[in-house]
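**Student:** Have a look; sequence and predicted model below, questions after that.
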Amino acid sequence: MKRFAPLLAAAGLVATTVPLLSATQATAAPGPDYGARKPAWHRCGADTPASYECATIKVPLDYSRPQGRKLDLAISRIKSENPAKRHGVLLLNPGGPGGTGLDLPLMTAEAMPKEVRDQFDLVGFDPRGVGQSSPISCGLTDAEQNMDRPYRKATFGADVAWARTVADKCRAKAGAVLPHITTRNTARDLDAIRGALGERKISYLGYSYGTYLGAVYTQMFPNRTDRFVLDSGVDPQRIWRGMIQVWATEAEPAFKRWTEWTAERSGEFGLGDSPKAVSQTFWALVARADKDPIVVDDMKITGDDIRASRGVFFYPAQAAPFVKSLKDAADGKAPSGAAATAAATELKRTLRTAEPATDNGTAVFWSVVCGDTGAWPRDPEQYRRDAVKDKAAYPLYGDFASNIKPCAFWQRPVEAATPMKTRANVMTVQNEWDSQTPLTSGQGLHRALRGSKMVLVKGGEGHGVYLADPNSCANAPVSAYLTTGKLPAKDVTCQTPPAAAERRASQAPQKPLPLPSTPGRF
C-alpha cells in the first residue's frame, strides 16, 4: 500500500479578486444542488478489496456562488461489517495541507480495533485540489518547491526572488482556483460529503493539519459534529507562519534533550561525555560542513543541510547515530557493522527525500497556508529582520522558519480565519515529543476548543499517535471515546510502557498510517 507524503516544499499564490463571503454564506449548509445526490459507488480497483468503494461528487468552487463552477471531490469508503452496531460515518484526513486521503479507509481498517471498526463506515477523500479531486498545479520546478531556505545576507535577495516567482507562477497558472483552496472551503466540502451520504452528523479522525480542518468544521457546523478525534494538534492561534516558526522554537528543547541522552551514552557514540560537550561537537561539525561539505555517497552535505534536519532530534535514538555517521564521514571513516549501516541509511533518509513527481501537493499547501489568514507580513524586510533575530535565538532552525515565504506576495484572503468561539466536545491527542506539531501547538488546540479533552502521551515520540503507534497508551482512551461517544471526565496523561517505548524509539519514525514525518510538513 502506498505511503502518503503530504507534499510541501514551496509554491503558491493567486491574485484574482474574489468578493468576501457574507456571514450567512460562510455558515450556510450545502444546498440540494450538491449535497443531496447520492454517490455512485464502484469498486476502487481490480487490485483492491471489493469492500473498498470509490465515488465522485460535485462541489462548488466558490460556495458563495453554488450554481457556478464545480469541482470533483473523490471519496472512498469501507462500510461497517456489523450493521447492528453501526453508529455512523467516520471521515478521515491524514494532514498536509496537500495530502491525499483516498486510501485511508484501507489503512485504518487494518489498524483499528474491531469494537471501533464495527461502529463506522470509514470514509476517505482527496481534499479539493488534491490527487483525484480536481488537482491543481502552479507549474513549479523541483527547486522552486524547496522551502528550506536558511537566511544569509548574500542570498536573501535570491530568496525574495524565489518567493515572488512562486507567487507569480501560481497566479498565472491557477489564479482562478487557488483562492478557493482553503480550510474553510474544505470544511464545507466535509459537510457536502455528509449531505451526500445522507447523514445527520459526521464523526472524524484527523491528523496534523487535519486537526485544524476538524476544528474549523466544529465551529462552522457545530450541530453536525459528532465524535471528533484531533490527533497531533495545530494551534489555531498560530496559523500559519507561527506553525512554521514553532518548528524552530521547539527544536531547541528537543536538541537539549538529545545532548543529555547522547552524553549518557558517550561510550557508544563518542560525541561527548556531557551535554555541553555533545553540543560543541555538533556545532563544530556544522561549522566544518559549511566550510567543506561532507560527502556521503554522492551527496555533499553542508552545515545548513544538517540544521534543516532539525526534526530528527526529537528522536534521540536516531539522532545520535545520525550525527555520528556525519562526523565519521567528515573524518574519512567508512561505516562498519550492521548498526553503522543502519545509521548511514537513516542519514540518507533524513537528508534526502524523494522529489514529488508534480507540484500538486505543494500548490495546495501554499494555497491553504497563504489563503487561510491575512496575518503574513507583506514587507520582505520584516522577514529579513525576523530571520536574523531568530537565527540567534533558535540556532538550529530559526532562520529557516522565519525567512521569506511566498505568502508575502499572496493576494488578500477571501475570508478571515475561523475564530474558535463555539464549544466543541472533542478529543485531542498528542505525543510529548512531536516534531511537526510540537506539544505547545497541541496544547494550544486544546485550549482553543472549549469542552475538549486531551490525551497526552508523556515521553511519547513521533508525529501521529492513535493507530500510528500500535503500542501507544493513548490508543485505549481514544478507542473508548470513538466506541461510546463519551469523553473522559478530565484530561488524560499516560505513559507508554518502557519496553514498548524503547522499541518505538529504536525504530525509524515510519508508521502504518500515511502521516508526515519529514521536517517541513504538517
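**Tutor:** Yep, it's here. Residues are numbered from 1 along each chain as shown.

**Student:** Apart from its neighbours in sequence, what residue is nearest residue 285?
**Tutor:** residue 327 (5.7 Å; CB to CB, 6 or more residues apart in numbering). Bear in mind the C-beta positions are built from the backbone N, C-alpha and C, glycine included.

**Student:** And residue 70, by the same measure?
**Tutor:** Counting by CB to CB, 6+ apart, the residue nearest residue 70 is residue 58, at 4.3 Å.

**Student:** and the one you found, bridged to which residues?
**Tutor:** residue 72 (DSSP bridges).

**Student:** That one and residue 181, how far apart?
**Tutor:** Between residue 58 and residue 181 the computed distance is 16 Å (CB to CB, to the nearest Å).

**Student:** For the longest helix along the chain, which residues meet the burial criterion?
**Tutor:** Once the chain is assigned using DSSP state H, the helix that runs over the most residues is helix 241-263. Residues of helix 241-263 classed as buried: 241-252, 254-255, 257-259, 261-263 (neighbour count, 16 or more other CB atoms under 10 Å).

**Student:** Pull the contacting residues for residue 235.
**Tutor:** 242-243, 246, 440-445, 448 (CB atoms under 8 Å, 6 or more residues apart in numbering).

**Student:** how does it look with 10 Å?
**Tutor:** Residues counted as contacts of residue 235 (CB atoms under 10 Å, 6 or more residues apart in numbering) are 211-212, 215, 242-243, 246, 437-438, 440-448.

**Student:** Would you list the buried entries among the residues you listed?
**Tutor:** Neighbour counting over those (16+ other CB under 10 Å) leaves 211-212, 215, 242-243, 246, 437-438, 441-446, 448 as the buried ones.

**Student:** With respect to residue 44, which of those residues is nearest?
**Tutor:** Nearest to residue 44 among those: residue 211, at 26.5 Å, using CB to CB.

**Student:** buried set for the helix or strand hosting that closest one?
**Tutor:** Residue 211 belongs to helix 209-220 when elements are defined using DSSP states H and E. Using 16+ other CB under 10 Å as the test for burial, helix 209-220 gives 209-220.

**Student:** Take those and lay them out in CSV including pLDDT and distance to residue 277.
**Tutor:** CSV is the format used below for these (pLDDT from 0 to 100; distance: CB to CB, whole Å):
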residue, pLDDT, distance to residue 277
209, 97, 38
210, 98, 41
211, 98, 39
212, 98, 40
213, 98, 44
214, 98, 44
215, 98, 43
216, 98, 47
217, 98, 49
218, 98, 48
219, 98, 49
220, 98, 53
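
**Student:** so where do the helices sit in the stretch 51-200 of the chain?
**Tutor:** 104-111, 114-117, 156-174, 183-197 (DSSP state H, counting those that start in this stretch).

**Student:** tell me what the second one is packed against?
**Tutor:** Pointing back at helix 114-117 there. Where contact means 3 or more CB pairs under 10 Å, 6 or more residues apart in numbering; DSSP states H and E, helix 114-117 is packed against helix 104-111, helix 475-484.

**Student:** residues contacting the spatially closest residue to residue 404 that is not a sequence neighbour?
**Tutor:** Distances taken as CB to CB, 6+ apart put residue 383 closest to residue 404, at 3.9 Å, once the chain neighbours are dropped. Residues in contact with residue 383, defined by CB under 10 Å, 6+ apart, are 151, 156, 159-160, 163, 241, 376-377, 402-405, 407-408.

**Student:** Could you pull out the helices in the stretch 201-350 of the chain for me?
**Tutor:** Using DSSP H, counting those that start in this stretch, helices in the stretch 201-350 of the chain cover 209-220, 241-263, 266-269, 275-291, 303-308, 316-330, 337-351.

**Student:** could you redo those helices as a markdown table and give each row distance to residue 397?
**Tutor:** Shown next, in a markdown table, are the helices of the stretch 201-350 of the chain (distance: least, CB to CB, whole Å):
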| stretch | distance to residue 397 |
| --- | --- |
| helix 209-220 | 19 |
| helix 241-263 | 4 |
| helix 266-269 | 22 |
| helix 275-291 | 12 |
| helix 303-308 | 6 |
| helix 316-330 | 14 |
| helix 337-351 | 14 |
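
**Student:** Nearest to residue 477, out of those helices?
**Tutor:** For residue 477, the closest of the helices of the stretch 201-350 of the chain is helix 209-220, at 16.8 Å, according to CB to CB.

**Student:** in the stretch 401-522 of the chain, what spans have low per-residue confidence?
**Tutor:** Residues of the stretch 401-522 of the chain meeting the criterion pLDDT under 70: 499-521.

**Student:** Nothing else from me, thank you.
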